[in-house]
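Colleague: give the three-dimensional model of this entry:
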Amino acid sequence: MDAHVTYKDIGVSLSGHVGTIEIRRPPHNYFDNALINQIGDALEAFDRDPVCRAVVLGAEGKSFCAGADFANRPATGSSAGETGKHLYKEAIRLFRTRKPIVAAVQGAAIGGGLGLALMADFRVTCPEGRFSANFNRLGFHPGFGLTCTLPRLVGQQKANLLFYTGRRVTGEEAVAMGMADVLVPLAELRAAATALATEIAQSAPLAVMSTRETVRRGLADAVEAATERELIEQDWTRKTADFKEGVKAWAEKRLPDFKGA
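Modeller: Predicted coordinates for the structure are as follows:
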């Protein structure tokens, strides 16, 4: 690991053979290009470090990652034009890294935050976990490669249900449908994620990376292709009156009054 590197929005450490990346934008850890870029840099640094064999991706605060902050920082939610392409290119970097990743998901993993959680190989969560692909409820098209990654985990039919309704599912429900892998009490979340990463790190590292390359073969390319389609659809849906209403309703904590325009 590049020990001299410090990051503005994440903490990075290595203990034994397990690296940890902690998002530090509490309470909700909203993402933007800069945050995804930093996570990509840290994962690539762990790839270059032969001591690191697995990585825990966690977050400070109430949420794992509540997606983009549409209400207060609209630019962070931009997925259209060059801004969106840049963010998705940064996201694809994460899928192309080589070490197994365990996400520790407390609270909300919403929208693009769900996309970030599903980038990992495994998800450890708690009853307080909340998983939602809420794009349609906001009035636009899903992004962050979720049209590829979510069906891969839960099946196309369940993915469609989550996309169309934007419903939130609890940690228990996420484990039951295969979106998450381990359920523990909130107080034990980070320790459980680290324990899983440690168990992975006890296997032969070259064999693990080789196996991971096989079982995830084509995933990054599929995500890249999916995001190209997602960008096209997001570009026009974000220009609709429904999108403006969806964001306004979200900020006002009420049901949106969509007009189909």
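
Colleague: so where do the helices sit in the stretch 51-200 of the chain?
Modeller: Assigned by DSSP state H, counting those that start in this stretch, the helices in the stretch 51-200 of the chain fall at 81-95, 112-119, 135-138, 146-154, 156-165, 171-177, 189-201.

Colleague: so what's the residue count around the nearest residue to Ala220 once chain neighbours are set aside?
Modeller: Spatial nearest neighbour of Ala220, chain neighbours left out: Phe95 (4.0 Å); criterion: Cβ to Cβ, 6 or more residues apart in numbering. In short, each C-beta sits where N, CA and C put it, glycine included. Neighbourhood size, Phe95 [other Cβ atoms under 10 Å]: 19.

Colleague: surely Phe95 meets Ala222?
Modeller: No: with contact defined as Cβ atoms under 8 Å, Phe95 and Ala222 do not form a contacting pair (9.1 Å).

Colleague: adding distance to Phe243, write the helices of the stretch 51-200 of the chain out as JSON lines.
Modeller: Below are the helices of the stretch 51-200 of the chain laid out as JSON lines (distance: least, Cβ to Cβ, whole Å):
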{"stretch": "helix 81-95", "distance to Phe243": "14"}
{"stretch": "helix 112-119", "distance to Phe243": "15"}
{"stretch": "helix 135-138", "distance to Phe243": "7"}
{"stretch": "helix 146-154", "distance to Phe243": "17"}
{"stretch": "helix 156-165", "distance to Phe243": "16"}
{"stretch": "helix 171-177", "distance to Phe243": "27"}
{"stretch": "helix 189-201", "distance to Phe243": "34"}
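
Colleague: want to throw these into JSON lines with distance to Asn33 and mean pLDDT?
Modeller: Converted to JSON lines, the helices of the stretch 51-200 of the chain look like this (distance: least, Cβ to Cβ, whole Å; pLDDT from 0 to 100):
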{"stretch": "helix 81-95", "distance to Asn33": "5", "mean pLDDT": "75"}
{"stretch": "helix 112-119", "distance to Asn33": "11", "mean pLDDT": "97"}
{"stretch": "helix 135-138", "distance to Asn33": "18", "mean pLDDT": "96"}
{"stretch": "helix 146-154", "distance to Asn33": "18", "mean pLDDT": "98"}
{"stretch": "helix 156-165", "distance to Asn33": "24", "mean pLDDT": "98"}
{"stretch": "helix 171-177", "distance to Asn33": "27", "mean pLDDT": "98"}
{"stretch": "helix 189-201", "distance to Asn33": "26", "mean pLDDT": "98"}
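
Colleague: and Asp242, which of those is closest to it?
Modeller: With Cβ to Cβ as the measure, helix 135-138 is the member of the helices of the stretch 51-200 of the chain nearest Asp242 (8.9 Å).

Colleague: need the CA coordinates for that closest one. CSV is fine.
Modeller: The C-alpha coordinates for helix 135-138 follow below in CSV (Å, rounded to 0.1, in the frame of the first residue of the first chain):
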residue,chain,number,x,y,z
PHE,A,135,-34.2,6.1,-9.1
ASN,A,136,-37.7,5.7,-10.6
ARG,A,137,-39.2,7.1,-7.4
LEU,A,138,-37.1,10.2,-8.0
